[in-house]
Structure formats: structure tokens, C-alpha cells
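**Q** I need the structure of the sequence given here:
(2 chains)
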Amino acid sequence: LAKTTQPISMDSYEGQEVNITCSHNNIATNDYITWYQQFPSQGPRFIIQGYKTKVTNEVASLFIPADRKSSTLSLPRVSLSDTAVYYCLVVSNRDDKIIFGKGTRLHILP
Amino acid sequence: DVKVTQSSRYLVKRTGEKVFLECVQDMDHENMFWYRQDPGLGLRLIYFSYDVKMKEKGDIPEGYSVSREKKERFSLILESASTNQTSMYLCASSLSPKRETQYFGPGTRLLVL
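**A** As a prediction, the model looks like this:
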């Protein structure tokens, strides 16, 4: 059965690049990896999604190695407003399961 | 922009009461989901629906039921609320078949006394 694991929390400083890794061994070849951001008192919102190699948008980059056993969300030059909880999601089509990680609480310090 | 609304932001109920949580989406999405969110446990799927009158159990359906009579509305029902159902409840929707790209409501924080 597919499963996702991510660090519970991370601290960083303004202006730094932050990388958050999610382990998701046992995912099928056609499963996408999706990342969400959640601020207090709000629902999660979609940040980025990928299938393989690298995807970049205006907010973040997503790196997925060839073995697809993990993925790394990269936030360039973070600011205080990036303080949030970040979730990875895998929808396992083989197991018909929706699998969210437990979330990584990112705290950006001035 | 997709909008998912939930009927209440905060709700206080007593043990044994029947509780209805309502969710409405305005983008004609086929899929709708109910999650609960607890500290240290992340998001756990309670039920989801991929069409009107269709429902599928998620990972923690015990103590809950759902209703989807119209495409835009998905209701979560706690038949007899218990204190261990105190939680944040999040509704989401997505286009079929892209269950990975979900749009979430703001959440309902339920306190059962």
C-alpha cells in the first residue's frame, strides 16, 4: 500500500531557499504527486503537481527523482508569509486511495 | 475561481446530538470529499462522492454518514455526536478524474461537549 512520510516541522530564515521532502515509496507509475499549502483558519490550497523530473511555477518547484520514491518541494527565497503547513498528496490509482502526508509545519524567521 | 463553501465556521454541539455539516461547490465538480484534520494526524478522509447519490468510504467512516442529493452539495452527518469527533472538518471538490487537484473550503471547527 502506498504511504507518504514528511518531516513534522522545519525552520528557516527569510530569503533562504527551503526544501521539503516527502517519501512515497510504492507509488504506481501513473500516480501524480501534489503539494498543498495551508494557512491557519483556512483550507489547504494547491501549490504544484508533478509526475516526473522537475516542474516549476511562479510559486515553487517540484523535483521528482527517477525512482519516484520521494519528491522535494522547493520554495525559493522564502518570506514570513510562507509560514504555513505543507502537505504532499498521492492518489494511488492502483489502491484507489487518497493519501495525504501528515504535513510539515514550516516556520520562517526574520 | 472555484469556490467551496461550508455552512458554518464554528459549531458547538452536545454529545448525542445529530449534526449536519453542509458543503457547496460552484464549479460543477463531480468529486466531493470530507476530511477531518487533527493535530499530528494531518488530513484523514472520511467519505467521498464521485457522483450524485454515490458515496465511498474513506479511511475513517465510522460514526459518520454522508448525503449527496445534488451535484453541488455534499453533506456530512454525525448521527450521534461524541466528544472524540471534536475536530476541524474540511470539505473539498475536484473535477473527475483528477482527484489529485482538490479545492478546499475554509473548514468547520466542531466542538462536541
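
**Q** CA atoms for contacts and neighbours, from now on please.
**A** OK.

**Q** Quick check: the gap between the closest residue to chain A within chain B and A:Ile47.
**A** Proximity to chain A, evaluated over chain B using C-alpha to the nearest C-alpha, is greatest for B:Gly42 at 4.0 Å. B:Gly42 is 17 Å from A:Ile47, where distance means C-alpha to C-alpha, to the nearest Å.

**Q** ok, and the closest non-adjacent residue to A:Tyr51?
**A** A:Tyr32 (4.8 Å; C-alpha to C-alpha, 6 or more residues apart in numbering or on different chains).

**Q** Report the contact partners of the one you found.
**A** Neighbour list for A:Tyr32: A:49-51, A:90-91, B:100 [criterion: C-alpha atoms under 8 Å, 6 or more residues apart in numbering or on different chains].

**Q** ok, so of these, who is nearest B:Leu90?
**A** B:Glu100 (15.6 Å; C-alpha to C-alpha).

**Q** For the closest one, give me its contacts.
**A** A:32-34, A:89-91, B:94.

**Q** Next, name the residue at the spatial heart of chain B.
**A** B:Trp34 (2.8 Å; C-alpha atoms, centre = their mean).

**Q** In which helix or strand does it reside?
**A** Element membership of B:Trp34, judged by DSSP states H and E, is strand B:31-38.

**Q** what distance separates that strand from the centre of its chain?
**A** Relative to its chain's centre, strand B:31-38 lies at 5 Å (C-alpha atoms, centre = their mean, to the nearest Å).

**Q** and what of stretch A:22-36?
**A** On C-alpha atoms, centre = their mean, the centre of stretch A:22-36 falls 10 Å from that of its chain.

**Q** Comparing B:Gly42 and A:Ile47, which residue is more hemmed in?
**A** For the pair B:Gly42 and A:Ile47, the greater number of neighbours falls to A:Ile47 (21 against 17), based on other C-alpha atoms under 10 Å in any protein chain shown.

**Q** State whether that one and A:Ile33 are indeed in contact, as I suppose.
**A** No. With contact defined as C-alpha atoms under 8 Å, A:Ile47 does not count as touching A:Ile33 (11.1 Å).

**Q** Need the distance between the two termini of stretch B:9-20.
**A** Rule used - C-alpha to C-alpha; the end-to-end distance of stretch B:9-20 is 13 Å.

**Q** next one: stretch B:96-113
**A** Calculated as C-alpha to C-alpha, the first-to-last residue distance of stretch B:96-113 is 38 Å.

**Q** what about that stretch, average pLDDT?
**A** On average, the pLDDT along stretch B:96-113 is 92.

**Q** quick revisit: right, and out of the contacts of A:Tyr32, which lies closest to A:Asn57?
**A** For the contacts of A:Tyr32, the nearest to A:Asn57 is A:Gln49 (9.6 Å; C-alpha to C-alpha).

**Q** rewinding a little: which parts of the strand holding B:Trp34 are buried?
**A** B:31-37 (16 or more other C-alpha atoms under 10 Å in any protein chain shown).

**Q** Please work out which residues outside that strand touch it.
**A** By C-alpha under 8 Å, 6+ apart, strand B:31-38 touches B:43-51, B:74, B:76, B:87-96, B:99.
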